[in-house]
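[1] Model the following, please.
(chains A and B, ligands or ions: 1)
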Amino acid sequence: MTDVLAVADHRRGELRDVSYEVITAGRQLADDTGGDLHVAVISGTVDKFGEKLNREGVDAVHTVDHGEEFNHDVYTQVLTQLYDDLAPQYVLAPNSVNGLDYAPAVANALDLPIVTDTVGLETDGETLVATREMYGGKVEVTTELEGTAVATIRGAEWSGAEGTGDASIEAFDAEIDEDAVGSTVTGFEEVGGGDVDISEADVLVSVGRGIEEEENLEIIHELADALDATVSSSRPIVDSGWLPKNRQVGQSGKVVTPDVYIAIGISGAVQHVAGMKGSDTIVAINTDPNAPIMDIADYAIHDDLFDVVPALTEEFGG
Amino acid sequence: MKILVTVKEVSTVEDEFEIEGTSIAEQYLGADLNEWDDYAVEEAVQIQEAGIADEVVTVTIGPEDCEQTIRQALAKGADRAIRVWDDSLEGVDVLDVGAKTEILRAVVEAEDPDLVLTGVQSGDDSWGATGVSLAEELGFEWAAVVNHLEHDFEDDRAAVRRELEGGVEELTEVELPAALTIQTGINEPRYASLRGIRQAQRKELDVQTLADLGVDESTIEGDVTLTEMYEPESETDATVWEGSAEETASELGELLREKGVAP
Ligand SMILES: Cc1cc2nc3c(=O)[nH]c(=O)nc-3n(C[C@H](O)[C@H](O)[C@H](O)COP(=O)(O)OP(=O)(O)OC[C@H]3O[C@@H](n4cnc5c(N)ncnc54)[C@H](O)[C@@H]3O)c2cc1C
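    Next up, the predicted model:
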């Protein structure tokens, strides 16, 4: 029997969607060999969270009422204690920014191997077979881990657990050593505001690293002008300071759902796709026919953007 | 203050490639300084230029081939470099997080830095876990996905911003010594100057084996084995427009007009 301990993610009073996804992934793993699924929720309004996490397939929810927000030292202490108490075979965490801030520490503290950003998980009770991507999604690999392990799961790969379960909801009495808490969260700030809201646009002309140089952005602006569309981008363009933060689409930028999203020289990394996959129609212009963006594109042009973009601008009299 | 920066040479893959066993065939691979580490090096060098750090040391696990990449970091301003390699690492196909943690722990203990900067992840295998794992191993504090770092280190604390999802940043203070995983965009990495490149050739690049570091060979065997590599099945059902740029542009133009979104 392989019991699984899944860890919920929340922020500023709300459980994040991936909390329900980690339940689904955990349930599937536990089902592989008929084990139990435990869910841990740490800090915040844990009673409220505990009720919500009682979805179909959950056997027990363990709540730890300590502080309001995520703190990795607290999470690491609690999870190592819960692990000792429950002795699960697998600890599953979301591959979120906070997941990456505690899961590796928990694994190391428990002397367990870790596999991150998994998109598939299976077990026969002995070996964990984890599927993940390498080289920005160009290839997939399967990796095997023997015995107990920690795994993080990629967001939106598993569907969120639904329904109501009949889990026991119990407060776990963790002992927090405050002297070992060496980090303090002092606040949050929303970034990426300003005059333009790309999430309001009907058509986005979105540019990626394929544009190569800042000067070349000119052809993107010309196209957007000709189409009366808004310019957005992938992360590297904002990182380079070529466009302001409020133009960034993706996990750490904006989520957009325009009528038409034209991805120009964007490979379609998972963190980018998280921000635009809900677009009505997706058009990809990319020299690489195997770029991951093609998986979600409705229309594709496998050609050089430096040829196609000016031709399109001309098409609209620009 | 002394800063240690982990620097990795990552493999890059051409658009068209072939898989041999559980790796990509050599001829389709290129090499580059890991994008995230480039930002980490820049951050360390800026802290030094501000007169706060006295020394910036890089550490790399990798064969001799990657010395050119290491010299790139030295050319950007790091003072000296350590490269760890060992015959026993030659045949290892996944150097897992636990193994990297063990090796880097030995280097950190020998160097005794106040701050360790790593990239959030490496662009090739994207584990995204080594920095935090290493911090836990050392008993250091840490912060993952840092996109801003105050350079004053008042009261022996690092004031950072962690970039969370959805345009929200977390403001956090961590006690030193600490390991921070650096996110792209935290600064603007410089290009190495010609002078920097020349100087880099003369900077110390110290090579250490596992035995030199007192790391037991058995720790690097790791618990993670790679059993398969394949190209993901394409899920595309996109309509592909073919022809000259004018032809494909006119197809796209027509679509936009059909959708009623073109002027
Ligand atoms: C914690 C975290 C958060 C992140 N958040 C975000 C986020 O919010 N948004 C985001 O976008 N990324 C984010 N990223 C980064 C992400 O992983 C990718 O690195 C990034 O999206 C890549 O951007 P790109 O597609 O523009 O560049 P690349 O991946 O370099 O792709 C460039 C593409 O251009 C194509 N190309 C090159 N030349 C031409 C040409 N002449 N004509 C046509 N096509 C061409 C290439 O074939 C390639 O597909 C995040 C990463 C991490 C680790």
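
[2] in the stretch 151-300 of chain A, which spans are strands?
    A:168-171, A:183-190, A:203-207, A:230-233, A:260-264, A:281-285, A:299-301 (DSSP state E, counting those that start in this stretch).

[3] outside of the shortest one, which residues touch it?
    Outside strand A:299-301, the residues that touch it by CB atoms under 8 Å, 6 or more residues apart in numbering or on different chains are A:281-286, A:289, A:294, A:308, B:236, B:238-241, B:248, B:251-252, B:255. To be clear about C-beta, it is placed using only N, CA and C from the backbone, and glycine gets the same treatment.

[4] ok, now the fifth one?
    With contact meaning CB under 8 Å, 6+ apart, strand A:260-264 is reached by A:202-208, A:210-211, A:220, A:229, A:276, A:279-286, A:293, A:297, A:305, A:309, B:252, B:255-256, B:259, B:261.

[5] Is the ligand within reach of it?
    No: against the ligand, strand A:260-264 shows no contacts by CB under 6 Å from any ligand atom, the least distance being 6.9 Å.

[6] re the thing from before, now, which of the contacts of strand A:260-264 lie close to the ligand?
    Near the ligand, judged by CB under 6 Å from any ligand atom, the entries from the contacts of strand A:260-264 are A:208, A:210, A:285-286, A:305.

[7] Now render the strands of the stretch 151-300 of chain A as TSV, adding mean pLDDT and mean neighbour count.
    Below are the strands of the stretch 151-300 of chain A laid out as TSV (pLDDT from 0 to 100; neighbours: other CB atoms under 10 Å in any protein chain shown):
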stretch	mean pLDDT	mean neighbour count
strand A:168-171	98	14
strand A:183-190	95	13
strand A:203-207	98	28
strand A:230-233	98	26
strand A:260-264	98	27
strand A:281-285	98	25
strand A:299-301	98	23
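
[8] Of these, which is nearest residue A:248?
    Of all the strands of the stretch 151-300 of chain A, it is strand A:230-233 that lies closest to residue A:248, at 6.2 Å by CB to CB.

[9] Name the residues linked to the closest residue to residue B:107 other than its chain neighbours by a beta bridge.
    What sits nearest to residue B:107 in space, not counting adjacent residues and going by CB to CB, 6 or more residues apart in numbering or on different chains, is residue B:59, at 4.9 Å. On the basis of DSSP bridges, residue B:59 is bridged to residue B:6, residue B:82.

[10] Is residue B:59 in contact with residue B:37, as I believe?
    No: contact criterion CB atoms under 8 Å: residue B:59 and residue B:37 do not qualify, at 10.7 Å.

[11] Around the ligand, which positions in chain B sit nearby?
    Residues of chain B lying near the ligand (CB under 6 Å from any ligand atom): B:120-121, B:145.

[12] Top of those by number of neighbours, please.
    Neighbour tally across the residues of chain B next to the ligand (other CB atoms under 10 Å in any protein chain shown): the maximum, 28 neighbours, falls on residue B:145.

[13] Strands of the stretch 1-150 of chain A, start to end?
    For the stretch 1-150 of chain A, the strands defined by DSSP E, counting those that start in this stretch cover A:4-7, A:10-11, A:14-15, A:37-42, A:60-64, A:90-94, A:114-118, A:120-123, A:127-134, A:139-146, A:149-153.

[14] what pairs with the fourth one, and is each one parallel or antiparallel?
    I take that to be strand A:37-42. Strand A:37-42 has these strand partners (DSSP bridges): strand A:4-7 (parallel), strand A:60-64 (parallel).

[15] now the ones you listed in CSV, with distance to residue B:232?
    Shown next, in CSV, are these (distance: least, CB to CB, whole Å):
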stretch, distance to residue B:232
strand A:4-7, 26
strand A:60-64, 35
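
[16] Which among those strands is found nearest to residue A:163?
    Across the strands paired with strand A:37-42, closest to residue A:163 is strand A:60-64 (CB to CB), at 14.5 Å.

[17] picking that back up, which among the strands of the stretch 1-150 of chain A is found nearest to the ligand?
    strand A:114-118 (9.6 Å; CB to the nearest ligand atom).

[18] now check that closest one, is it near the ligand?
    No: figure legend: strand A:114-118 not in contact with the ligand (CB under 6 Å from any ligand atom); closest approach 9.6 Å.

[19] which outside residues touch that strand?
    A:95, A:100, A:103-104, A:107-108, A:128, A:130-133, A:143, A:145, A:149-154, A:157, B:96-98, B:126-129, B:133, B:224.

[20] higher neighbour count, residue B:59 and residue B:37?
    residue B:37 (29 against 25).

[21] mind listing what that one touches?
    B:5-8, B:73, B:118-119, B:122, B:182.

[22] Equivalent analysis for residue A:184, please.
    A:71, B:172-173 are the contacts of residue A:184 under CB under 8 Å, 6+ apart.

[23] For the ligand, state which of those residues is nearest.
    For these, the nearest to the ligand is residue B:172 (15.8 Å; CB to the nearest ligand atom).

[24] Spell out the secondary structure type for that closest one.
    strand (DSSP: H, G, I helix; E, B strand; the rest coil).

[25] That one pairs with what?
    residue A:185, residue B:160.

[26] Do you know the pLDDT at it?
    If you check residue B:172, the pLDDT there is 97.

[27] okay, now it: neighbour count?
    Neighbours around residue B:172, by other CB under 10 Å: 23.

[28] Residue B:151 now?
    Residue B:151, neighbours per other CB under 10 Å, totals 14.

[29] hang on, isn't it packed against residue B:47?
    Yes: using CB under 8 Å, residue B:151 makes contact with residue B:47 at a distance of 5.4 Å.

[30] and which of the contacts of residue B:37 is nearest to the ligand?
    residue B:119 (9.1 Å).

[31] residues in contact with the closest one?
    Residue B:119 neighbours (CB under 8 Å, 6+ apart): B:6, B:8, B:34-37, B:39-40, B:131, B:181-182.

[32] Show me the residues you listed that map onto helices.
    Within these, residues falling in helices by DSSP state H are B:35-37, B:39-40, B:131.

[33] Would you map the strands across the stretch 1-150 of chain B?
    B:2-6, B:9-13, B:19-20, B:23-24, B:29-33, B:55-61, B:80-84, B:115-119, B:141-149.

[34] quick one on the thing from earlier: return the members of the contacts of strand A:299-301 classed as buried.
    Among those, those buried by neighbour count (16 or more other CB atoms under 10 Å in any protein chain shown) are A:281-286, A:289, A:294, A:308, B:236, B:238, B:241, B:248, B:251-252, B:255.

[35] Run a quick neighbour tally on the nearest residue to residue B:263 once chain neighbours are set aside.
    If the residues on either side of it in the chain are set aside, residue B:263 comes closest to residue A:228, at 4.9 Å by CB to CB, 6+ apart. Neighbourhood size, residue A:228 [other CB under 10 Å]: 12.

[36] Residue A:12 too?
    Neighbours of residue A:12 (other CB under 10 Å): 11.

[37] In contact with it, which residues?
    Residue A:12 touches A:69, A:188, counting by CB under 8 Å, 6+ apart.

[38] For it, report the pLDDT, please.
    92.

[39] Comparing the strands of the stretch 1-150 of chain B, which comes out most buried?
    Counting by mean count of other CB atoms under 10 Å in any protein chain shown, strand B:115-119 has the highest mean neighbour count of the strands of the stretch 1-150 of chain B, with a mean of 28.

[40] Give me the sheet partners of it and which way each runs.
    Strand B:115-119 pairs in its sheet with strand B:2-6 (parallel), strand B:178-182 (parallel), by DSSP bridges.
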